[in-house]
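Peer 1: model the structure of this input:
(chains A and B)
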2 protein chains.
Amino acid sequence: MEQSVEVTTKTVEELLQGKALDEAVELVASIHPADQAEIFWHLEIELREAFLALLSAEGLAHLLEYLDPDERVVVVEKMPRASLARVLDKVDNDVAADILRTLPAAEGARVLSTMSTASEVLPLLTHADESAGGIMTRGFVALHGKMTAHDAINYLRLQKPNVEEAYYLYVLDAANRLQGVVSLRELVVAPASTTIEEIMIRDVIAVEPETDQEEVARVVQRYRLRALPVVDEERHLLGITTMDDAMAVASEEATEDMYSISGLPAEESIYDPVNVSARRRLPWLILNLVLAFMAAGVVSRFVDTIEQIAALAVFMPIVAGQGGNAGIQTITLVVREIALGEVELKDARRVLIKEISVGLLKGIALGLLVGLIAWVWWSNAWLGLVVGLAILLNLLVAGFWGAIIPLGLRWLRLDPAVASGVFLTGFTDVLGFFFLLGLATLLLSQLT
Amino acid sequence: MEQSVEVTTKTVEELLQGKALDEAVELVASIHPADQAEIFWHLEIELREAFLALLSAEGLAHLLEYLDPDERVVVVEKMPRASLARVLDKVDNDVAADILRTLPAAEGARVLSTMSTASEVLPLLTHADESAGGIMTRGFVALHGKMTAHDAINYLRLQKPNVEEAYYLYVLDAANRLQGVVSLRELVVAPASTTIEEIMIRDVIAVEPETDQEEVARVVQRYRLRALPVVDEERHLLGITTMDDAMAVASEEATEDMYSISGLPAEESIYDPVNVSARRRLPWLILNLVLAFMAAGVVSRFVDTIEQIAALAVFMPIVAGQGGNAGIQTITLVVREIALGEVELKDARRVLIKEISVGLLKGIALGLLVGLIAWVWWSNAWLGLVVGLAILLNLLVAGFWGAIIPLGLRWLRLDPAVASGVFLTGFTDVLGFFFLLGLATLLLSQLT
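Peer 2: Predicted coordinates for the structure are as follows:
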């Protein structure tokens, strides 16, 4: 499947360049939208517009549904504005809302005003992009509790609901309040005369429109749901978020956390232009630089000591490096477990004690090892003691910083991952040098 | 929902300690299995066995389905062996196979021999744990192409298939070869006399049992599938993998990649005992130590230079730190884009050129900045030149290492993330010191 995308891209390019449009239309229509999307990215840039022109409004709608949000922006840009409203009428509500959000306000309003699904999409636009309300779709099937299974199946057969997620059917009362849910499977296997009320599950797990999308993904994953309804305070059903959305959110959030720890912006891609990437990544390096100068400031106060015992310069990077790496281990673990919902603020004490204890154990093991090496290598037991103690202390505080930075960011309601790795290595450098050179200065008479 | 788990845990503990077992059974039965699982973890350890005894075989089966693989091991250990076969008969095939894999071979064989679903589970055991064959389930619904929609619905009503994923129905020929797929929705809305052949999709996306689970997750996500069939070379349907599985795999793999970069084992948890955690994390720190000693070895060869210009010791951590942080940015990006399928080996050249170029740009900006600071701070233009050049060179090679380490590991068919961060910071330390101290030694007469 994947290999053939490259071959197909070549063929599409040739057909477009040879103006064999009928053939091109036929070929492209036979391709799965997910593969069309990949061809679009591999196509020479000047052919992209012509490629989109090969697709019907329905085809374009499908293509948009298989793209990531930032990819959609590029595709929409190449689409004729006149047909945009027709295409957006055919995509899922949440995708349409996402695209409208990226347009300039005046243009978005104009497109929306000519859409026949405007009344479904408009409510979604009132919710924040990264909330349950922002990622939900209005495309759900609603039933009434008094219907029989037979009625319900006939109703479906007549309505032919063409909705994103028809696996769960929602049971609403006269005021559109969510009363229960029944799966299509339950409905099909139920005796024809059973009422929906008898087979529905009443205890429906639901979220509110303000719920953060990360929490939506966690609930979907925790309860293994295929769709999760979004309700207001009176349990009016506003829309549903699907497992697709949850999976995309979980993947996005994992990327964001990984990138944040390393000081990369979430939207970074290997295919961005060099100058854009460089400009985006510089701020975190400059933050690291500021912290590194603080570390350098510490070192500069001990220049006299280093001049007397140059061996200290040899062990500086080891003490700092071990602290940095140990702290990054802790930070990575804590950030990820917060993201997966395994660690919450109420666990802070437990996490801190655990990670400081692990730091202590690692510090004893590595402090002994490196201390011994230093002693033997430079035939100086006091040097061994200073180096070993510095490593022990630095690993201890690395455990502390590694736990407290993400927990503290979380407590401040910030992203627990944001540049935490950059901060941490800064701290472990500063403190590592301070421990090593400070101890050496205290014990200077023994060392020389 | 989540807050109440703590309260419920307390109540369950009190009921168990007060031997009010009937009440406890009733309370626990009213709780969602996902919440039961959380209660199990929060319960005092000596009460866990009694807690499991409150659940019926069916209840235990549900609980097992909502646990992560490593959590299942702990629960199974506390379960009476005699009832294990009865419980495993009730869980999804793939979960049963997973649990049997974790038992000692003789015990696993004994349990399997008394299971009524042994014939369904046994084939799964022949596949590798992390392959499509290892995560698939045999719980799918098969139809014949000549059936009408009416027949098919009646068939479902009679069979009442209680399977994990009844949303897709698979159409098989007489030799059990996969011919097509039809969604339950399509079936329900089709006119009663339509044959399945007329409404089925023939071009079914499928994988082979050997396909890596990571690839399964990518295909499910790429084509937004709710289930993905697993077929052999002759397209006999062996089982299906579901979106649940794909989501769990994607989440697991993201965790693994994040942890690998930082030198953490994938199974690490904040709730592991301190000594276990410390023992697991030490190997990577020791690898870092070996690399750090190589860096120290470089430094030790330039002790004379450092003794003459102690300012170099101040800039050592800055040159090394900037290189390390810049390289980690690149490594994180490349590892993640490989995992998401955005970067493949054929893109290696493009990725290398991109990241080296970004390294060059960042190197020029930061080299100028830090060089100027060094010049002004120490009133030594030559020192500024040496520091600036060392940063430029180190960021350039950081871009190179950051791209080549994960791509190289991938080329060797290893995990692209494995300890790559530890290797990288080792390399950037060694080279950073070499550039800084080497240049300083070359220009020693100007510097002093």
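Peer 1: ok, now which ones touch the residue nearest the centre of chain A?
Peer 2: Taking CA atoms, centre = their mean, the centroid of chain A lies closest to residue A:253, which sits 1.5 Å from it. Neighbouring residues of residue A:253 by CB atoms under 8 Å, 6 or more residues apart in numbering or on different chains: A:214, A:217, A:339. To be clear about C-beta, it is placed using only N, CA and C from the backbone, and glycine gets the same treatment.
Peer 1: please apply the same query to residue A:45.
Peer 2: The neighbourhood of residue A:45, defined by CB under 8 Å, 6+ apart, contains no residues.
Peer 1: re earlier: ok, the contacts of residue A:253 vs residue A:48, which is closest?
Peer 2: Residue A:48 has its nearest neighbour among the contacts of residue A:253 in residue A:217, at 31.9 Å by CB to CB.
Peer 1: what's the distance between the closest one and residue A:241?
Peer 2: 9 Å (CB to CB, to the nearest Å).
Peer 1: could you pick out which of the contacts of residue A:253 are near chain B?
Peer 2: Subset of these in contact with chain B: empty, counting by CB under 8 Å from any CB of the partner chain.
Peer 1: scan the residues you listed and report the most crowded one.
Peer 2: residue A:217 (28 neighbours; other CB atoms under 10 Å in any protein chain shown).
Peer 1: in a helix, that one, correct?
Peer 2: Yes - with DSSP: H, G, I helix; E, B strand; the rest coil as the criterion, residue A:217 is part of a helix.
Peer 1: what angle do whichever strand or helix holds residue A:319 and helix B:311-339 make?
Peer 2: Following DSSP states H and E, one finds residue A:319 within helix A:311-339. Between the axes of helix A:311-339 and helix B:311-339, defined by axes from the mean of the first three to the mean of the last three CA atoms, to 10 degrees, the angle is 30 degrees.
Peer 1: looking at chain A, which helix or strand is least sure?
Peer 2: Here the helix or strand of chain A ranked lowest by mean pLDDT, DSSP states H and E is helix A:2-17, holding a mean of 79.
Peer 1: what's the following helix or strand after that one?
Peer 2: helix A:21-29.
Peer 1: okay, now the unreliable bits of the stretch 1-150 of chain A?
Peer 2: For the stretch 1-150 of chain A, applying pLDDT under 70 flags the ranges A:1-3.
Peer 1: nearest to chain B: which residue in it?
Peer 2: residue A:34 (4.9 Å; CB to the nearest CB).
Peer 1: and that residue, what element?
Peer 2: Going by DSSP H and E, residue A:34 is in helix A:33-42.
Peer 1: could you pull out the buried residues of that helix?
Peer 2: For helix A:33-42, a neighbour-count test (16 or more other CB atoms under 10 Å in any protein chain shown) marks A:33-40 as buried.
Peer 1: ok, stretch A:346-355 next?
Peer 2: A:347-348, A:351-352, A:354-355.
Peer 1: so which of those residues reach chain B?
Peer 2: A:347, A:351, A:354-355.
Peer 1: these in helices, which ones?
Peer 2: If you go by DSSP state H, those have A:351, A:354-355 in helices.
Peer 1: need the residues you listed in CSV (columns: pLDDT).
Peer 2: Below are these laid out as CSV (pLDDT from 0 to 100):
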residue, pLDDT
A:351, 92
A:354, 94
A:355, 94
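Peer 1: closest one of the residues you listed to residue B:160?
Peer 2: residue A:351 (46.8 Å).
Peer 1: nearest spatial neighbour of the closest one, skipping sequence neighbours?
Peer 2: Of all residues not flanking residue A:351 in the chain, residue A:403 sits nearest, at 5.2 Å (CB to CB, 6 or more residues apart in numbering or on different chains).
Peer 1: thought residue B:310 was touching residue A:303, still the case?
Peer 2: Yes - the pair residue A:303 / residue B:310 is scored as a contact, 4.6 Å apart, by CB atoms under 8 Å.
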